[in-house]
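Asker: Below are the sequence and a predicted model; questions follow.
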Amino acid sequence: MIIDLHVHSKCSDGKFSVNEIMAEAKRLGIGFLSITDHDSIACQAHAVNAAKNVGIRYMCGVELNVTFSHPKFREGKSVSLDFLGYNCDLNDEALTGKLALMAKYRQERASKILKNLNDEFEKEGTAKLTEGDFAEIEASVDGVLGRPHIADYLVTKRVVQSRQEAFDKYLVKCDVPKYPLYLEDASKLVRDAGGRLVLAHPNDPHGTSLTALTKQLPEQTAIIADSLLPFLDGVECWHSRNEPSTTKHYVEFAKAHGLLMTGGSDCHQEPLVMGTVQIPDWVATQFPE
């Protein structure tokens with residue numbers, strides 16, 4: 001069975017709609033799938049039905065960004081970590097209310113980032129973005145607004161050549177802090193909604209991960225053991241940017257602590273890597289059908 005439990009849709013920063021993802025998943029022979037949009041479960045009800053229609057087993061998902069700090073690393077300064085919430089009740093009022101609040105904050109954050117961008121453009125003598133530009137960016141988003149949408153717009157405006165260049169040249173420098181969701185709150189939200197919380201891509205060198213604190217795998221799992229375990233149900237052991245040594249280390253850690261083990265491509269459809277991560281069939285048996 002091909003398993004992919006970490007895919008993004010246009011409801012956050014993916015390129016494909018839910019229907020396009022299901023059609024592609026069917027073509028690829030994926031048997032167990034989860035769409036895990038950033039801070040959004042807006043597409044989940046549709047995804048459940050769309051997966052049923054094409055005969056794919058589906059599990060509801062969401063990816064939450066958490067503010068985390070550890071006194072032994074970075075002088076206790078905060079970093080961001082990503083967590084996956086699976087099998088939550090889509091009608092849970094606390095969860096839906098918090099996600100709505102976070103979506104509103106994303107809009108406000110985007111406005112502040114655009115103001116910072118315009119300050120940079122003014123220094124360079126580049127034409128500033130207007131309210132009309134902001135409206136176009138918002139119109140391009142089906143779900144929650146994020147920096148990738150701004151990056152893509154800068155590409156269409158030919159300010160930069162690629163999304164990566166937009167981040168490297170402007171969006172890191174012009175960033176504004178994310179919504180301050182803490183691990184205790186994320187864990188309570190997901191568990192109270194009947195779900196399970198999983199640490200996403202813990203050693204991702206190009207993403208939001210524990211590598212911001214340390215690149216040493218034993219130090220990463222020591223951090224999890226002393227600070228995350230009470231709030232955690234699992235670890236994403238297989239990921240499209242994992243080295244074999246990372247997967248081996250985290251599988252051994254998860255087994256030692258009785259944690260769920262999940263995996264996924266983290267596909268945003270650019271490139272289309274959905275279903276390419278080799279994940280054992282038994283991963284599916286950890287979750288109720």
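Answerer: Perfect, I can see it now.
Asker: In which helix or strand does residue 27 reside?
Answerer: Using DSSP states H and E, residue 27 sits within helix 18-28.
Asker: what's the answer for residue 48, then?
Answerer: Residue 48 belongs to helix 44-54, assigned by DSSP H and E.
Asker: packing partners for that helix?
Answerer: helix 18-28, strand 30-35, strand 57-58 (3 or more Cβ pairs under 8 Å, 6 or more residues apart in numbering; DSSP states H and E). Where you see a C-beta, it was placed from the backbone N, CA and C, and this is true even at glycine.
Asker: report the angle between the axes of the longest one and helix 44-54?
Answerer: Okay, so that is helix 18-28. Relative orientation of helix 18-28 versus helix 44-54 (axes from the mean of the first three to the mean of the last three Cα atoms, to 10 degrees): 30 degrees.
Asker: Report back the residue of the chain that's furthest from centre.
Answerer: The outermost residue of the chain relative to its centre, with distances by Cα atoms, centre = their mean, is residue 125 at 34.8 Å.
Asker: Over to residue 224. Which of the three states is it?
Answerer: Assigned by DSSP: H, G, I helix; E, B strand; the rest coil, the conformation of residue 224 is helix.
Asker: any idea how far residue 200 is from it?
Answerer: Separation of residue 224 from residue 200 (Cβ to Cβ, to the nearest Å) stands at 12 Å.
Asker: So which of the two has more stuff around it?
Answerer: Between residue 224 and residue 200, counted using other Cβ atoms under 10 Å, residue 200 has the larger neighbour count: 26 against 19.
Asker: what helix or strand does the closest residue to that one other than its chain neighbours sit in?
Answerer: Spatial nearest neighbour of residue 200, chain neighbours left out: residue 82 (4.1 Å); criterion: Cβ to Cβ, 6 or more residues apart in numbering. According to DSSP H and E, residue 82 maps onto strand 79-86.
Asker: Not counting its own residues, what contacts that strand?
Answerer: 5-6, 34, 36, 59-69, 178, 183, 186, 189-190, 193, 195-201, 207-210, 212-213, 236, 262, 287 (Cβ atoms under 8 Å, 6 or more residues apart in numbering).
Asker: Can you list which of the residues you listed are found in strands?
Answerer: 5-6, 34, 61-68, 196-199, 236, 262 (DSSP state E).
Asker: End to end on stretch 257-268, go ahead and measure it.
Answerer: One end of stretch 257-268 sits 31 Å from the other (Cα to Cα, to the nearest Å).
Asker: what comes up buried for that stretch?
Answerer: Within stretch 257-268, the residues scored as buried using 16 or more other Cβ atoms under 10 Å are 259-268.
Asker: pLDDT of it, averaged?
Answerer: What stretch 257-268 shows for mean pLDDT is 97.
Asker: list the helices and strands whichever strand or helix holds residue 132 packs on?
Answerer: Taking DSSP H and E as the criterion, residue 132 maps to helix 131-139. Secondary-structure packing of helix 131-139 (3+ Cβ pairs under 8 Å, 6+ apart): helix 93-124, helix 147-156.
Asker: Quick check, residue 13 in contact with residue 40.
Answerer: No: using Cβ atoms under 8 Å, residue 13 is not in contact with residue 40; the gap is 10.1 Å.
Asker: just the helices in the stretch 151-289 of the chain please.
Answerer: 163-166, 183-192, 217-223, 244-256 (DSSP state H, counting those that start in this stretch).
Asker: mind putting those in TSV, mean neighbour count and distance to residue 24 included?
Answerer: Formatted as TSV, those follow (neighbours: other Cβ atoms under 10 Å; distance: least, Cβ to Cβ, whole Å):
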stretch	mean neighbour count	distance to residue 24
helix 163-166	18	21
helix 183-192	18	27
helix 217-223	17	33
helix 244-256	16	24
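Asker: Among these, which comes closest to residue 276?
Answerer: Relative to residue 276, the nearest member of the helices of the stretch 151-289 of the chain by Cβ to Cβ is helix 244-256, separated by 14.0 Å.
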